[in-house]
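In: give me a model of this one.
(2 chains)
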Amino acid sequence: MAQARLSALAASVIAIWLAATLPPVPGSGPVSLIGWLGAGVLVLGLVVGYRGAVAGAAVSFLVRVALMTTLDGPMSPPLWAHTLLIVLMVELAGASFLFRNRPTDPLLVLGRALAASVLAAALVQAMAVLAEAAVATGVLVRAAGIAALVIGAGWVTRIWRRSGLPG
Amino acid sequence: MIAIPSPSLRAYVTAGIVGLAAALAVGDPAPGLIGAGLLVLAVIGLAGGSAPRVQLTAHDLPVSVIEGEEVEVTIRVSVDQPVTRTHLDLGLSGLEISDVVGGRRVGPSTLSLVGAREATEIRVTLRATRWGRAVLGPMWLYIDSPLGMFDLRFEGSERHQITVVPAEIMLRTLLAPLETNLHAGDLVSKHRGIGSEFADLRHFRHGDDPRSVNWRVSSRSDRLWVNDRHPERNGDVLLLVDAQVEPGTELETIVDRSVRLGAALLRAHGRRHHRLGLITLDGLCRWVYPGMGEWHRRRLLEQLIGVAPGEVMWEAAERAVIRAARRPSLVVALTPLIDPNMAGLIHTLRRSGIDVSVIALDVDPALPPPSGQVRMLGRRIWAMERDRLRDRLAGEGTPVVVWRSIDPPDVPLARLDEMRTRWRRLG
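Out: Down below sits the predicted model:
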C-alpha cells in the first residue's frame, strides 16, 4: 500500500507541476483552468480509487496543449517534455492502481514507466522535427491528421480484436 | 485467464484520439503529435497482450501437520507460451512461507517468479502458524504484459485444506477413570481376572490355571490356594470442552488453552489405549462417542480444532451431553466456568453417577485491567460468583481445580488426581 501511495503522490506532483507551469500571457486563463481541472480529477480519482480519472487527466492535459498552441509565444515546457510528463503521470497513476490490486515488482514498474515516457517523448520529438521539415500547415496538417486518426483507430481495433481480450 | 485493460491503456487510447481530434480543431500539429505518440504506446502494449493458457496445481500436500511444523509442497505452473516475470499468490491462511526454491518470497503468501515456461516447478516450504484449519488456495498467477497495458491474472481452481493440530504438550500426570471396561489397557480393574496385579488368595476351583496356584501358601495348608489377580483394562475418557466466550475478545485465549490441553489429553490417553470421546460446546454442540483407533483420534482432533468461541444453546447441549457421557466414562470438563448453565450441566452429570472432574480455566489474566472503581467492583463480584459456582460443585463432590495461566498443564491434573484419590479414600 505504501508503494501505491508513493506512486499516486508522484503522479499528483507531476500533474500539479504541469498545471502550474504556464507562461503569463494574455488568454491563458482557460488553459490554466483546464490544466488544474485535469490535476484535480487525477488527485480526486487517486484518492477515491476511480480508474477513469487517469484517462480524464490525460485528456485534460492534451486539450490544454491544444489550447496552448493558440497562445502567443513558444510552448513551455516544450512538446517532448509535455509528452514525457504526461506519460510519466499516466504510468505512475496506473501503477498506483496496480499496486493496490495485485503484487508486482516496484522496480519493474518504475523502469517501465520511465522507458515508456522516454520512448513517447523521443517519438514525439522525432515526429515534430519531421513535421517542421515538411512545412506542414493548413490542409496538409488536416489531411495527415484525418489519415492518422483513421489508420490509428483501425489499427487499435484490429489488434484489440485479434488479441482475444474482453471489451 | 482474466485480462483487465490497465488505466494507462484507456488513458493512452482516449487521450491519443482526443489529441488527434484537437490537432484538427486548432489547426496545429502539436496535440496531434502527442496523441500519435500515445497511440503508438497503446499499440505496442496491445500487440503483446495475448493471454496465455495457465494451469496451477499443488502437489505433496499433507492431510495434517503439527503446529510449527514445516512441510515442503510443490507448485506446478504450466503455461502454453513462455511468460516473463510473474507473481504467484498461494492464497495461504494459517500457513506462512519459510523457504522457496525456484522463486522469491515477496509477501506473506506471494512469490515472485522470474518466468514460467511450459511446466515450472516451485518447491515451497510452508510453516503452520497456528492450530486450526489451514488453507492453500485458490492460487492466483499474475502475469506482466508488455508496457503493463493489461492486468493478466489467472485463478486456480484448487483449494486444499490442511488440518493443523496443536503442538504437543507432554503430560506426566493423567486422571485414571474409576471404572474400566472390557478392553485391554493399563488400568488396574476392580474386577478379578487374568492380569499381573495381585488381588487376593482363594481356594482352587476346577478350571483354574495351574500356574496361578500359590505353592507357598498351599504347602502350609491342606488345600490348594490360588492367586486372584486384577486384569489390566482400559477406560472411557470423555472431554467436555466449553468454548462459550464472547468472540473477538481477549477471552478467546481461554479457548486456545482449552484446545491445547484437550489435544494433549487426547494424545496422552490415546497412548494408554483408552477409548476417547469429545463434546465441544460452542455455537454448535457436537459430540463424538468414545472409541479407539487412529481414524477415531483424527476425527476427535478435527472436531477439537474446529471449536470456535460462540454462544451455547444449553437445552440442546444438555441433551447431547447426557447422551454422550455414559458410565463408565470419566468426563474431564475444560471450562472457564463463567456460565451457571455449565455448572448445572456438570451437576446433572454428577447426579447421574458419572465420574466428572473439572479443570476451570482462569479467566482473570485474559481480561484487560478494570478501569475505574465501578468496573473493579463489578470484576470482584463476578469473580466471587465464579468462586461460588466452583464451591457449589466441590460441595457436591465434583473435583474442581483452577488452572492458572502461569501453571503448566500438569499442575491442575496433579491436583485433580490428588483430590480424587483423597476423596476416594475418605469414601
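
In: quickly list what B:L92 is bridged to.
Out: Beta-bridge pairing for B:L92 (DSSP bridges): B:L136.

In: so it sits against B:S109, correct?
Out: Yes - in terms of CB atoms under 8 Å, B:L92 counts as a neighbour of B:S109; the distance is 3.8 Å. (C-beta placed from N, C-alpha, C; glycine too.)

In: what are the buried residues along the lowest-mean-pLDDT helix or strand in chain A?
Out: Evaluated with mean pLDDT, DSSP states H and E, the helix-and-strand set of chain A has its lowest mean pLDDT in helix A:138-162, which scores a mean of 78. By 16 or more other CB atoms under 10 Å in any protein chain shown, the buried positions in helix A:138-162 come out as A:V141, A:R142, A:A144, A:G145, A:A148, A:L149, A:G152, A:W155, A:V156, A:I159, A:W160.

In: quick one: the residues you listed as JSON lines, columns for distance to chain B too.
Out: Output for the buried residues of helix A:138-162, formatted as JSON lines (distance: CB to the nearest CB, whole Å):
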{"residue": "A:V141", "distance to chain B": "5"}
{"residue": "A:R142", "distance to chain B": "6"}
{"residue": "A:A144", "distance to chain B": "8"}
{"residue": "A:G145", "distance to chain B": "5"}
{"residue": "A:A148", "distance to chain B": "6"}
{"residue": "A:L149", "distance to chain B": "5"}
{"residue": "A:G152", "distance to chain B": "5"}
{"residue": "A:W155", "distance to chain B": "6"}
{"residue": "A:V156", "distance to chain B": "6"}
{"residue": "A:I159", "distance to chain B": "4"}
{"residue": "A:W160", "distance to chain B": "6"}
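
In: the stretch 101-250 of chain B: strands as residue ranges?
Out: Ranges of strands within the stretch 101-250 of chain B are B:104-105, B:110-113, B:119-128, B:132-136, B:140-144, B:150-155, B:160-165, B:184-188, B:197-203, B:225-230, B:232-233, B:236-242, based on DSSP state E, counting those that start in this stretch.

In: from the buried residues of helix A:138-162, which is closest to A:A93?
Out: A:V156 (21.0 Å; CB to CB).

In: that closest one: what's it in contact with?
Out: Listed by CB atoms under 8 Å, 6 or more residues apart in numbering or on different chains, the contact set of A:V156 reads B:V13, B:L39, B:A42, B:V43, B:L46.

In: for chain A, what's the longest helix?
Out: helix A:106-133 (DSSP state H).

In: can you mark which positions in that one are buried?
Out: A:106, A:109-110, A:112-113, A:116-117, A:119-121, A:123-125, A:127-128, A:131.

In: mean confidence for that helix?
Out: Helix A:106-133 shows a mean pLDDT of 88.

In: is that helix anywhere near chain B?
Out: Yes - using CB under 8 Å from any CB of the partner chain, helix A:106-133 reaches chain B at A:L108, A:V109, A:R112, A:A116, A:L119, A:A120, A:A121, A:L123, A:V124, A:M127, A:A128, A:A131.

In: farthest pair within those residues?
Out: Comparing every pair within the residues of helix A:106-133 next to chain B by CB to CB identifies A:L108 and A:A131 as the most remote, at 34.0 Å.

In: give me the spatial nearest neighbour of the residue of the stretch 251-400 of chain B at minimum distance from chain A, chain neighbours excluded.
Out: Per CB to the nearest CB, the residue of the stretch 251-400 of chain B with the smallest distance to chain A is B:E252, at 27.5 Å. Leaving aside its sequence neighbours, B:E252 sits nearest to B:P309 (CB to CB, 6 or more residues apart in numbering or on different chains; 5.3 Å).

In: neighbours of the one you found, just the number please.
Out: If you count neighbours by other CB atoms under 10 Å in any protein chain shown, B:P309 ends up with 18.

In: next one: B:T86
Out: The burial count for B:T86: 24, using other CB under 10 Å.

In: just B:D200 next, same as before
Out: By the criterion of other CB under 10 Å, B:D200 has 10 neighbours.

In: just give the nearest non-adjacent residue to it, would you?
Out: Closest residue to B:D200 apart from its sequence neighbours, by CB to CB, 6+ apart: B:D228 at 4.4 Å.

In: contacts only, for the residue nearest the centre of chain B.
Out: Closest residue to the average C-alpha location of chain B: B:I305 at 2.7 Å, with CA atoms, centre = their mean. With contact taken as CB under 8 Å, 6+ apart, B:I305 is in contact with B:W131, B:G132, B:R133, B:T163, B:V164, B:V165, B:P166, B:V259, B:A263.

In: what do you get for A:L84?
Out: Residues near A:L84 by CB under 8 Å, 6+ apart: A:S117, A:V118, A:A120, A:A121.

In: likewise B:A21?
Out: Contacts of B:A21 (CB under 8 Å, 6+ apart): A:L149.

In: which of the helices or strands spans it?
Out: helix B:7-26 (DSSP states H and E).

In: one more: B:S78?
Out: Element membership of B:S78, judged by DSSP H and E, is strand B:70-79.

In: partners of that strand in the sheet?
Out: Partner strands for strand B:70-79, per DSSP bridges, with pairing direction: strand B:54-59 (antiparallel), strand B:119-128 (antiparallel).

In: what about B:G248, how many neighbours?
Out: Residues near B:G248, counting by other CB under 10 Å: 8.
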